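[1] Any chance you can model this:
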Amino acid sequence: MRRSSLTKACFSTFFFFLLTCLIANSATHNITRRSSKDKTHRKKCTTTSSPHQCSIPTPPPPPPQDLPPNSQKVLSFADQRLQVVYPVIQKFKSIITSDPLNITKSWVGSDICTYKGFYCDNPPYNSSAIVLASIDFNGFQLGASSLDGFLDQLPDIALFHANSNNFSGTISSKIANLPYLYELDISNNLFSGSFPTAVLGMNGLSFLDLRFNFFTGSVPPQIFTQDLDALFLNNNNFMQSLPDNLGSSHIILLTLANNNFNGPIPASIAEALSSLTEVLLLNNQLTGCLPYELGLLKEAIVLDASNNQLTGPLPFSLACLDKVEQLSFASNLLFGLVPEVICELLVNLANFSLSDNYFIHVGPICRSLIQRGLLDVTNNCIPGLPFQRSIEECADFFSQPRFCPNMGSYSYIPCNKQ
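    Here you go, the predicted model:
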């Protein structure tokens, strides 16, 4: 009985050992097969499968490398002269404080000739070169505290027009070094200070427009001796008497209106008789009597000296202004009769204003101009006409002695029309 139990125990132990070996061998075989299949799968993923079909995740892309600090794009310019002015323009762009029309958006890149407001051309010294020749900012409404470092650093600039912007400050004396500049228009801005004397002696300058700014002080008399075609100084705060050499140049367009010019109109204005077409002296503080030499301005189309304190009679010489279309002496202290010869001979008149003076008589020819709406004599002292001053006001004016020197010259007609 004991032997039988021992035999059973040995058999059980042997059977258990055999079973354990079989299980271990089977496990080893499965692991080997799985490992082999994994290797095959990995091989298939790397050769034929797309990343999303593989069980192995796709590695992330490498991070972008930082560019070296001095690796900016190299700009290519059509001409070295354009490369010179490029940083000047970009510096000016950086100080623009107002750009409501988004003008400076186009000031990018090396093609300066396509920037809005910039124009290129061949310079006079080299027909094959390309330079920045002109700038037209008119109406752009740009704002900047100064043009210094911009305008004066454009060596080939010929025209600079910046009407109707919000530029301020003063004008740099360095613009005198611009050899080709012949038109300078900075009108309707916020410039201040004294007259920009740098323009004196710029022999190539033919057009100067400083209108509607805040310049003060006096106007150098030398400016009237320069060979200018147009000089616009109106709507500033210039305060001085008109210089004696006012007509010493060949100015075609002259506007001095809306300032504080004082004193008489100089007789020397007649020295410009060969070319002057517009004389605007209105809204100043001019005094004295009208010189008969005004009648020597034979090319004048517009002559306006209204809203001053001019006095005396109208000189008959005004009848020599053959081409005049606009003639105004309104709102002054003129008196006497309205010369019939003026009304008769000025056949091109479209507007002749003598309102707000103290004239006392008009003849039949002048009355015909009134009826045609060409002559305005309202608010004078002319009996029988409507809309005149009161008798008391006229009597008060004439109660003071009124006298002009050289009274004999007022009936002189230098063109010998009669």
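[2] Quick check: the spatially most central residue of the chain vs G201, distance?
    Per C-alpha atoms, centre = their mean, the C-alpha nearest to the average position across the chain is that of A162, at 1.7 Å. Note on A162: its distance to G201, by C-beta to C-beta, to the nearest Å, is 22 Å. Using the backbone N, CA and C atoms, a C-beta is placed for each residue, glycine as well.
[3] got it, and P339?
    From P339 to G201 the distance is 43 Å (C-beta to C-beta).
[4] Just want to know which of the two has more residues nearby.
    P339 (23 against 10; other C-beta atoms under 10 Å).
[5] How many neighbouring residues does G204 have?
    12.
[6] Please name the nearest non-neighbouring residue to it.
    Take G204 and drop its neighbours on the chain: the residue closest to it by C-beta to C-beta, 6 or more residues apart in numbering is Y182, 4.8 Å away.
[7] Count the neighbours of the one you found for me.
    If we define neighbours as other C-beta under 10 Å, then Y182 has 18 of them.
[8] where does it land on pLDDT?
    pLDDT, Y182: 96.
[9] lowest-confidence helix or strand of this structure?
    Least confident helix or strand, the chain: helix 2-47 with a mean of 44, by mean pLDDT, DSSP states H and E.
[10] and the nearest residue to F261 once chain neighbours are set aside, how many neighbours does it have?
    Sequence neighbours aside, N284 is the residue nearest to F261 in space, at 4.2 Å (criterion: C-beta to C-beta, 6+ apart). Neighbour count for N284, taken as other C-beta under 10 Å: 25.
[11] Contact partners for N284?
    Applying C-beta atoms under 8 Å, 6 or more residues apart in numbering to N284 gives the contacts 256-262, 307-308.
[12] Least confident of those?
    In terms of pLDDT, the weakest of the contacts of N284 is L256, which scores 92.
[13] how long is stretch 191-198 from one end to the other?
    15 Å (C-alpha to C-alpha, to the nearest Å).
[14] contacting residues around it?
    By C-beta under 8 Å, 6+ apart, stretch 191-198 touches 167-176, 210, 213-220, 223, 238.
[15] quick revisit: pull the number of nearby residues for the closest residue to the residue nearest to the centre of the chain other than its chain neighbours.
    Spatial nearest neighbour of A162, excluding adjacent residues (C-beta to C-beta, 6+ apart): F137 at 4.3 Å. By other C-beta under 10 Å, the residues close to F137 number 21.
[16] is it true that S411 touches L314?
    No: S411 lies out of contact with L314 (C-beta atoms under 8 Å); the separation is 10.6 Å.
[17] pLDDT score for N189?
    Predicted confidence (pLDDT) for N189: 98.
[18] Same question for N245.
    Looking at N245, its pLDDT reads 76.
[19] can you pull the contacts of it?
    Contacts of N245 (C-beta under 8 Å, 6+ apart): 221, 224-225, 268.
[20] For P266, see how far away it is.
    For N245 relative to P266 (C-beta to C-beta), the value is 8 Å.
[21] quick one: low-confidence parts of the stretch 251-400 of the chain?
    Applying pLDDT under 70 to the stretch 251-400 of the chain flags residues 272-274.
[22] From the contact counts, what lies against the strand or helix carrying I365?
    Assessed by DSSP states H and E, I365 sits inside helix 364-371. Judged by 3 or more C-beta pairs under 8 Å, 6 or more residues apart in numbering; DSSP states H and E, the packing partners of helix 364-371 are helix 340-345, strand 375-376.
[23] Tell me the gap between the last one and the middle of its chain.
    For strand 375-376, the separation from the chain centroid amounts to 37 Å (computed by C-alpha atoms, centre = their mean, to the nearest Å).
[24] helix or strand right after that strand?
    Immediately after strand 375-376, counting by DSSP H and E, sits helix 391-398.
[25] List of residues touching stretch 227-241?
    187, 195, 203, 205-219, 223-224, 249-264, 280.
[26] Generate the PyMOL command that creates a selection of the buried members of those residues.
    Listed next is the PyMOL selection for buried residues among the contacts of stretch 227-241, using 16 or more other C-beta atoms under 10 Å:
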select buried, resi 187+195+205+206+207+208+209+210+211+212+213+215+219+223+224+249+251+252+253+254+255+256+257+258+259+261+262+280
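[27] one step back: name the residues of the helix holding I365 that come out as buried.
    Within helix 364-371, the residues that count as buried by 16+ other C-beta under 10 Å are 365-367, 369-370.
[28] Could you do stretch 220-239 as well?
    By 16+ other C-beta under 10 Å, the buried positions in stretch 220-239 come out as 220, 223-224, 226, 228-236, 238.
[29] Same check on stretch 323-331?
    Buried, per 16+ other C-beta under 10 Å, within stretch 323-331: 324, 326-331.
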